[in-house]
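>>> Structure of the sequence below:
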Amino acid sequence: MQPLDYTILVGYLLGLLLIGATLAKRAAAGGDSYFLANRKTPWWALGASGMSSNLDVAGTVVIITLIYTYGLQGFWIETRGGVVLPIAVWLAFMGKWHRRSKVTTTAEWMELRFGDGAAGKAARITAALTYLVITVAMVTFFLSAAAKFIAQFTPLTPEWAAVLMALVALAYTLAAGLYGVIWTDVFQAFLIGGAAIFISVKAFGVVTPELLESWPGAATNTAWPQLSLDDETFGSMFWLFLIFFIGKGLLEGLGGSGGSAYMAQRYYAAGSDKDTVKMSALWVILFSFRWPMVLGLAVLALNAGIGEDDPENILAALLTGDEVFPTGIRGLIIAALFAASMSTFDSTINAGASYVVKDVWNPLRGSGLRNDRIGYGGHGGSFGRKNAKEEVYVGYAASAGIVVLGLVIYFAIARQSDILAVWTNIVVALFPAFLVPFALRWFWARFNGVGFVLGIIGGFGATLVTFYQEAFSLTLNDWQTIAFIAGISVAFSILGTLITEPVAKSTLRSFHRQIRPWGLWPREFAKPGDDTMAVRDIVRLIVAVLWQLSTFLLPMLAVIHQWEQLIAVAIVWSVLSVYLIWDIATMRDLVD
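Reported below is the predicted structural model:
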């Protein structure tokens, strides 16, 4: 990096701190302000923030590697996580269900669903601890990935780079809460979008038939998913892999988690049902910028003769010399990639801290489910100014504690580990432990707090078994590991539910009246129009999944001049878009 590159990067970091300092006073008003930005953030800002929060350097490196190796089939491989299919579920109906809950955290939601008795409180603390485990794991991952990236272009060692990233992100997140997270994410979305456009246009200009033929992934460079890759990793069962991981992605969305705490937080902060759909659609459109960018980087590497020996080093190799990205432009690209990491990191910190405050600290202080803006289920009232301020101060401490713990684990374990190995352990071993119980709570009325708690315990117990497979005479690959963990979680969830008392009917009726979910719910709870709304939700889900996939594929096909395939995908995308526009325009908000 040259002085101009450093100037751009330092200016970006100072911009983040300035935004945080500007919004600090507004965030300090209370817990609702600090963690939900008072539920008054424009839907477009929430959508832009969501896009930024789902981008990171490590994921970018992995996807570039897959695209370079498998062509456009690398996109289908990334249905395992990088395509972020849960967004389609949020767009269809999960977003509006979350908004109607009127809570701050998913753990707080548990008492709305299971009641405020022993089972409901146990479910609440279990959910909070689950998200805290995931939060710390994700913070460690982001530190590990970003540290190695930053160290490649600066005089800093990976360890000092991790500390720098942690301190900068903590500073503005600590000061401004979700206000700071959202508006710095919006700022960072412009950087990421600009970098994506520049890279895509540059790659478009170097594409030739000869270049495409020389591609290592030329044989699988098609927009349509193939049944087999004839590859050592995926073999002739690629179709099974694809079905399995698309199902996993949709299950994450149906569980209302998306594998993260920060996705739900955006929807708790939304202002209306329509806003949740519009912000999800914008989220998809903006997130589509990532795909021509990673494809463009693979194309530029191919054109420069980079990556054949080590595809994982493509990004670093492209940014090291002046051949592809000259001084100044290189600084902007690095700042954009740094922004991608910071936006995910800050969202994770703030969302994780909300669980400490709302679901650990407040119950210990005797606050229960009270909320400084609304109440439900017999819990209402106001914290008062003193308690509202206390929530913010505890939020400061919780945010700092999460970062410190992530740094400790990074220095103790993760800094010596491969980035992909860290991510694989999170996706394969941790996510399946809680996905099923989180999904059942929405769709099965008989499901209770005990079933939820035992499902989580069984899932994480199975995770520990997979960590020590040899001791149990097991040899499981990734998808078998996911199936094993999820299967144990399902068995414990159902068993725990059926051997204990159901949730009180009054609690279930109150929950159903407020949320209006569909699934295995008593017909007596239904209101006129519920069946029609359920059908529209399901149709919207099918349309949203296909629309999201086609939205991501379109700019990729344009970059590599695949005009025939582009026309076919564009026709599908246009029809789906018209339906979604009509659907949103005629959507009826549930009156609060």
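
>>> make it CA atoms for all contacts and neighbour counts henceforth
Will do.

>>> in this protein, which helix has the most residues?
helix 158-206 (DSSP state H).

>>> Show me what that helix is packed against.
Judged by 3 or more C-alpha pairs under 8 Å, 6 or more residues apart in numbering; DSSP states H and E, the packing partners of helix 158-206 are helix 3-27, helix 31-36, helix 43-53, helix 118-151, helix 290-304, helix 329-356, helix 384-412, helix 530-559.

>>> next helix or strand past it?
Next along the chain after helix 158-206, taking DSSP states H and E as the criterion, comes helix 209-213.

>>> what about dumping the CA coordinates of that following helix to PDB?
What follows is helix 209-213, C-alpha atoms only, in PDB (Å, rounded to 0.1, in the frame of the first residue of the first chain):
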ATOM      1  CA  PRO A 209     -14.100 -16.700 -25.500                       C
ATOM      2  CA  GLU A 210     -10.500 -17.800 -25.100                       C
ATOM      3  CA  LEU A 211     -10.400 -16.700 -21.500                       C
ATOM      4  CA  LEU A 212     -13.600 -18.600 -20.700                       C
ATOM      5  CA  GLU A 213     -12.200 -21.700 -22.300                       C
END
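
>>> Can you tell me what sits against that helix?
Contacts to helix 209-213, defined as C-alpha atoms under 8 Å, 6 or more residues apart in numbering, come from residues 218, 302, 303, 560.

>>> Just flag the most distant two among those.
218 and 303 (13.9 Å; C-alpha to C-alpha).

>>> joint contacts of those two?
Common neighbours of residue 218 and residue 303 (C-alpha under 8 Å, 6+ apart) do not exist.

>>> residue contacts, residue 119?
448, 449, 450.

>>> For the second one, which non-adjacent residue is spatially closest?
The shortest distance from residue 449 to any residue that is not its chain neighbour, by C-alpha to C-alpha, 6 or more residues apart in numbering, is 4.7 Å, and that residue is residue 119.

>>> Retrieve the pLDDT associated with that neighbour.
You'll see residue 119 listed with a pLDDT of 95.

>>> Could you do residue 369 as well?
40.

>>> Just the closest of the contacts of residue 119 to residue 51, please.
Nearest member of those to residue 51, counting by C-alpha to C-alpha, is residue 449, at 33.0 Å.

>>> which element follows the least confident helix or strand in the chain by mean pLDDT toward the C-terminus?
Using mean pLDDT, DSSP states H and E, helix 419-424 stands out as the lowest-scoring helix or strand of the chain, at a mean of 66. Following helix 419-424 in sequence order, the next helix or strand is helix 432-443 (DSSP H and E).

>>> what helices or strands is that following helix leaning on?
helix 238-254, helix 449-467, helix 478-498.

>>> Just the CA trace of the longest one, in CSV.
Read it as helix 478-498. Extracted C-alpha coordinates of helix 478-498, given in CSV (Å, rounded to 0.1, in the frame of the first residue of the first chain):
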residue,chain,number,x,y,z
ASP,A,478,-20.0,-32.6,6.8
TRP,A,479,-23.6,-33.3,5.7
GLN,A,480,-23.7,-36.4,7.8
THR,A,481,-22.6,-34.4,10.8
ILE,A,482,-25.4,-31.9,10.2
ALA,A,483,-28.0,-34.6,9.8
PHE,A,484,-26.8,-36.4,13.0
ILE,A,485,-26.8,-33.2,15.1
ALA,A,486,-30.2,-32.0,13.8
GLY,A,487,-31.7,-35.5,14.2
ILE,A,488,-30.7,-35.7,17.8
SER,A,489,-32.1,-32.2,18.4
VAL,A,490,-35.4,-33.2,16.7
ALA,A,491,-35.7,-36.4,18.9
PHE,A,492,-35.1,-34.5,22.1
SER,A,493,-37.5,-31.7,21.1
ILE,A,494,-40.4,-34.0,20.4
LEU,A,495,-39.7,-36.2,23.4
GLY,A,496,-39.4,-33.3,25.8
THR,A,497,-42.7,-31.8,24.4
LEU,A,498,-44.8,-35.0,24.6
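
>>> What residues of it count as buried?
Buried residues in helix 478-498, counting neighbours by 16 or more other C-alpha atoms under 10 Å, are found at 481-494, 496-497.

>>> farthest pair in these?
481 and 497 (24.4 Å).

>>> if we can go back for a sec, out of the contacts of helix 209-213, the closest to residue 337 would be?
residue 302 (20.5 Å).

>>> Nearest residue to that closest one in space, please, no chain neighbours.
Residue 302 sits nearest to residue 215 (C-alpha to C-alpha, 6+ apart), 7.0 Å away.

>>> hmm, back to that, now the helices and strands packed on helix 432-443 as CSV including mean pLDDT and distance to residue 321?
Output for the helices and strands packed on helix 432-443, formatted as CSV (pLDDT from 0 to 100; distance: least, C-alpha to C-alpha, whole Å):
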stretch, mean pLDDT, distance to residue 321
helix 238-254, 85, 37
helix 449-467, 93, 41
helix 478-498, 91, 37
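
>>> if we can go back for a sec, what's the spacing between the residue nearest to residue 449 and residue 527?
Distance from residue 119 to residue 527, counting by C-alpha to C-alpha, to the nearest Å: 28 Å.

>>> What are the neighbouring residues in contact with residue 433?
455, 456, 458, 459, 460, 462, 463, 485, 486, 489.

>>> again with residue 463
429, 430, 433, 485.

>>> Let's see that with 6 Å instead.
If you count contacts by C-alpha atoms under 6 Å, 6 or more residues apart in numbering, residue 463 has them with residue 429.

>>> Ok, residue 540 next?
residue 92.

>>> repeat that with 10 Å
By C-alpha atoms under 10 Å, 6 or more residues apart in numbering, the residues touching residue 540 are 88, 89, 91, 92, 93, 534, 547, 576, 579, 580, 583, 584.

>>> Same question for residue 269.
32-33, 35-43, 46, 98-99, 102-104, 178, 276.
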